[in-house]
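# With the input below, show me the fold.
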Amino acid sequence: MSVARYGILVASVLLIAGCTASGSDVTPEADAGFPIIDEGGCPPVLCTGFGYVCREGRVHERVPVPAACDAPPTECPDGIVAYVCTLGCVEGSTDPGDPFALCAESTLPRVGTPCASDDDCTPSAPHMELRCDTALGTCTQQQPEVCNRTDDDRDTLVDEGCTCEARVVATIEEPVSPVESTMTHDRIALLAMSGDRSTARVHVIDRDGNTVYEVDDIPFAARVQRVGDELVVLQHDPSTGRTSLLRLREDGAHQTVVLDRTPIGGSPFVLGDERGWTLLLHVNGRIGLTRHSLRGERTAVRVATEMRTLLLASSDGAGGVVAYADENELPQIAWLDDRLALHPIASGGLSAGTLDAAYREGEHVVLATDPRATPRIFRIGTTGTLVEERTIVPPRRPVELTRLALEPATGATAIAFTTGGELTVARYDEAGEPVDVPVLTDAQPYLAQAFGYVGGALRLVTAEQDGSGIARWRVIDPCVPLP
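This next block holds a predicted model:
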């Protein structure tokens with residue numbers, strides 16, 4: 001039980017002890033500091049049994065709420081889903097502090113379980129093929145066979161089932177600091193910052209690393225984003241609150257749209273559609289939302305009190321999906337309309353993980369990972385409704401960082417995983433099983449910045465900077481067919 005919840009429980013016991021059947025024996029002087037809510041002077045009490053409860057295979061958080069003083073405390077109501085059990089849980093079972101403890105898979109062998117032979121590690125928790133490391137005396141992860149010229153699964157066969165391997169398509173050096181990159185259906189944008197960070201440059205390339213165009217000396221560049229099939233550089237001056245959008249055309253031309261009366265804040269994101277722009281940025285510990293016309297005039301503004309931290313924003317040019325942490329630091333996924341209203345899609349169970357999003361015509365897809373749970377895919381329709389939620393099997397654990405790509409024609413998912421500093425790419429079938437899993441041995445020291453289909457080919461962009469200050473972008477084809 002956390003310290004905060006222990007404090008609430010102690011306070012609840014003290015408050016309950018102070019109430020009498022009639023409430024007439026308690027006076028404001030006797031309970032100085034407690035709020036008085038009725039004529040009898042009885043202070044409020046909290047419901048009982050907060051923690052976690054199983055409902056139809058999902059673990060819900062029980063929310064502590066005030067209960068009436070003239071009635072016995074009741075059980076706390078069910079709140080958001082904190083964890084989804086793979087093997088289910090006993091209906092109505094509770095736990096005061098650990099949502100995973102209610103799941104059936106929590107009792108199965110996992111990494112670290114004591115063992116003497118492989119039999120002690122079987123059956124294992126879902127999606128965890130374990131073997132017994134007799135030297136350590138504990139169960140360890142059974143490594144799947146991946147395309148790295150090594151017998152990973154120790155079956156005397158090397159790279160069986162592999163159909164492809166990775167190759168570096170292009171290496172691009174920049175005398176500036178790499179910030180981030182993004183992709184459209186035919187272009188890759190690389191955003192890098194000058195040494196004094198006063199200006200930035202955008203280098204736009206094709207899928208093979210050939211330069212399409214460059215834009216230099218961009219002031220106050222904060223982020224490069226894909227909005228629909230357009231590249232947009234956000235320019236934001238946090239000292240004045242002035243925000244501009246630098247719209248990059250396919251032919252290299254660019255247009256600046258100054259957004260009217262934007263708040264003073266930081267870390268901006270932008271969503272766009274055929275009617276205008278929505279700017280999201282951190283303002284005094286909250287998220288400020290402003291709506292603008294296509295020419296930049298502000299048409300609406302509000303502070304989203306339900307949003308504490310913005311995690312990502314993805315816009316297909318017709319609407320937007322956002323992920324954010326709420327007041328309880330629990331991640332939420334929602335659809336944001338042009339009236340600045342949030343429509344919940346999914347929540348909970350992602351508190352220690354990472355999020356990424358991708359889209360193609362007709363759908364958004366959000367990937368959510370958590371070190372304790374199986375990664376989940378959320379497919380979201382054009383109106384912001386949840387179409388499908390399913391799990392996928394990571395090729396290696398624990399998952400530290402992910403990038404998501406969607407095959408334009410079929411919607412098949414490909415995911416770039418970072419595990420132990422190594423980049424691994426897996427393409428998935430409809431059942432959520434990996435089809436091929438090449439290991440990017442050449443990309444191990446680098447940070448994965450963008451992942452997607454460009455010109456019909458899957459591409460991964462990584463970045464690194466050496467001691468001399470030279471930045472290197474690498475464009476990688478993660479799956480070249482083997483001869």
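# burial of residue 231, as a residue count?
As a burial measure, residue 231 scores 25 neighbours (other C-beta atoms under 10 Å). For glycine as for every other residue, the C-beta is placed from the backbone atoms N, C-alpha and C.
# same question, the one 3 residues further on
Neighbouring residues of residue 234 were enumerated by other C-beta under 10 Å; the total is 22.
# repeat for the one 10 residues further on
Residue 244: 20 surrounding residues under other C-beta under 10 Å.
# list the helices and strands the helix or strand it falls within packs on?
Assigned by DSSP states H and E, residue 244 falls within strand 242-248. Counting contacts by 3 or more C-beta pairs under 8 Å, 6 or more residues apart in numbering; DSSP states H and E, strand 242-248 packs against strand 211-219, strand 230-237, strand 254-259, strand 276-283.
# and those strands, which is most packed in?
strand 276-283 (a mean of 23; mean count of other C-beta atoms under 10 Å).
# Which strands or helices does that one pack on?
Here strand 276-283 touches strand 242-248, strand 254-259, strand 266-273, strand 286-293, strand 309-315, going by 3+ C-beta pairs under 8 Å, 6+ apart.
# so how far is the host helix or strand of residue 303 from its chain's centroid?
Following DSSP H and E, one finds residue 303 within strand 298-304. Relative to the centre of its chain, strand 298-304 is centred 25 Å away, using C-alpha atoms, centre = their mean, to the nearest Å.
# cool, stretch 47-54 as well?
Averaging C-alpha positions (C-alpha atoms, centre = their mean) puts stretch 47-54 27 Å from its chain's average.
# Which residue is the nearest non-sequential neighbour of the residue sitting nearest the centre point of the chain?
In the chain, the C-alpha nearest the mean C-alpha coordinate belongs to residue 355, at 1.5 Å (C-alpha atoms, centre = their mean). With sequence-adjacent residues excluded and distances taken as C-beta to C-beta, 6 or more residues apart in numbering, residue 355 is closest to residue 323, at 4.8 Å.
# Return the alpha-carbon coordinates of the helix or strand encompassing that neighbour using CSV.
Per DSSP H and E: residue 323 is located in strand 320-325. Taking C-alpha atoms only, strand 320-325 is exported to CSV below (Å, rounded to 0.1, in the frame of the first residue of the first chain):
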residue,chain,number,x,y,z
GLY,A,320,-6.6,14.1,-34.0
VAL,A,321,-5.7,11.4,-31.5
VAL,A,322,-4.0,12.5,-28.3
ALA,A,323,-2.5,10.6,-25.4
TYR,A,324,-2.0,12.3,-22.1
ALA,A,325,-1.5,11.7,-18.4
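# quick check: angle from the strand holding residue 244 to strand 276-283?
If you take axes from the mean of the first three to the mean of the last three C-alpha atoms, to 10 degrees, strand 242-248 sits at 130 degrees to strand 276-283.
# Now do the contacts for residue 204.
Residues in contact with residue 204 (C-beta atoms under 8 Å, 6 or more residues apart in numbering) are 187-190, 211-215, 231, 248, 252.
# Doesn't it belong to a strand?
Yes - counting by DSSP: H, G, I helix; E, B strand; the rest coil, residue 204 is found in a strand.
# What pLDDT does the model give it?
pLDDT, residue 204: 95.
# can you check residue 367 too?
For residue 367, the pLDDT comes out at 91.
# If you drop the residues flanking it in sequence, what lies closest to residue 188?
Leaving aside its sequence neighbours, residue 188 sits nearest to residue 205 (C-beta to C-beta, 6+ apart; 5.1 Å).
# Settle this for me: the one you found is touching residue 169, isn't it.
No - in this structure, residue 205 is not within contact of residue 169 by C-beta atoms under 8 Å, at 10.0 Å.
# shared neighbours of those two, anything?
Joint contacts of residue 205 and residue 169 (C-beta under 8 Å, 6+ apart) are residue 475.
# Which one of these two is surrounded by more residues?
Ranked by neighbour count (other C-beta under 10 Å), residue 205 and residue 169 place residue 205 first, with 22 against 17.
# Run through the bridge partners of the more buried one.
For residue 205, the beta-bridge partners under DSSP bridges are residue 188, residue 211.
# again with residue 234
Bridge pairing for residue 234 (DSSP bridges) gives the partners residue 223, residue 245.
# go on, residue 167?
Beta bridges link residue 167 to residue 477, judged by DSSP bridges.
# mind listing what it touches?
476-477, 480.
# Which ChimeraX command selects the buried ones in those residues?
The ChimeraX selection below is limited to those of the contacts of residue 167 classed as buried (16 or more other C-beta atoms under 10 Å):
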select :476,477
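# The one helix or strand residue 83 maps to - what's its average pLDDT?
Applying DSSP H and E as the criterion places residue 83 in strand 78-84. Throughout strand 78-84, pLDDT has a mean value of 82.
# Each with direction, which strands does that strand pair with?
strand 58-62 (antiparallel).
# Name the surrounding residues that touch the strand it pairs with.
With C-beta under 8 Å, 6+ apart as the test, strand 58-62 has contacts from 49-54, 75-85, 89, 94, 99-100, 102-103, 348.
# Run through who's touching the strand holding residue 83.
The contact list for strand 78-84 (C-beta under 8 Å, 6+ apart) reads 52-53, 55, 57-63, 99-100, 102-103, 330, 347-349, 351, 373, 376.
# can you do 6 Å?
With contacts defined as C-beta atoms under 6 Å, 6 or more residues apart in numbering, strand 78-84 is touched by 58-61, 63, 99-100, 347-349.
# Then stretch 254-271?
For stretch 254-271, contacts defined as C-beta under 6 Å, 6+ apart pick out 222, 234, 236, 238, 241, 243-248, 277-283, 288, 290, 292, 296-298, 313, 315, 320.
# same deal with stretch 436-455?
Residues from elsewhere that reach stretch 436-455 (C-beta under 6 Å, 6+ apart): 146-148, 163-166, 168, 180-183, 186, 188, 207, 395, 403, 405, 408, 416, 422-427, 460-464, 478-479.
# what mean pLDDT does the stretch of helix or strand residue 180 belongs to have?
Using DSSP H and E, residue 180 sits in strand 177-183. Average pLDDT, strand 177-183: 87.
# where does it sit relative to the chain's centre, distance-wise?
Using C-alpha atoms, centre = their mean, the offset of strand 177-183 from its chain centre is 18 Å.
# partners of that strand in the sheet?
Within its sheet, strand 177-183 is paired with strand 188-193 (antiparallel), according to DSSP bridges.
# got the angle between the partner strand and strand 211-219?
Comparing the axes of strand 188-193 and strand 211-219 via the same axes, to 10 degrees yields an angle of 30 degrees.
# tell me the angle strand 188-193 makes with strand 230-237.
Using the same axes, to 10 degrees: strand 188-193 against strand 230-237 is 10 degrees.
# mind exporting strand 188-193 as PDB, just the C-alpha atoms?
Written as PDB, here are the backbone C-alpha positions of strand 188-193 (Å, rounded to 0.1, in the frame of the first residue of the first chain):
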ATOM      1  CA  ILE A 188      11.600  12.000 -44.600                       C
ATOM      2  CA  ALA A 189      12.200  15.300 -42.700                       C
ATOM      3  CA  LEU A 190      15.300  15.600 -40.500                       C
ATOM      4  CA  LEU A 191      15.200  18.500 -38.000                       C
ATOM      5  CA  ALA A 192      18.600  19.600 -36.500                       C
ATOM      6  CA  MET A 193      19.500  22.500 -34.200                       C
END
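# would TSV of the helices and strands packed on strand 276-283 with distance to residue 456 and mean pLDDT be doable?
Listed next are those as TSV, based on distance: least, C-beta to C-beta, whole Å; pLDDT from 0 to 100:
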stretch	distance to residue 456	mean pLDDT
strand 242-248	21	95
strand 254-259	26	95
strand 266-273	25	90
strand 286-293	34	93
strand 309-315	21	91
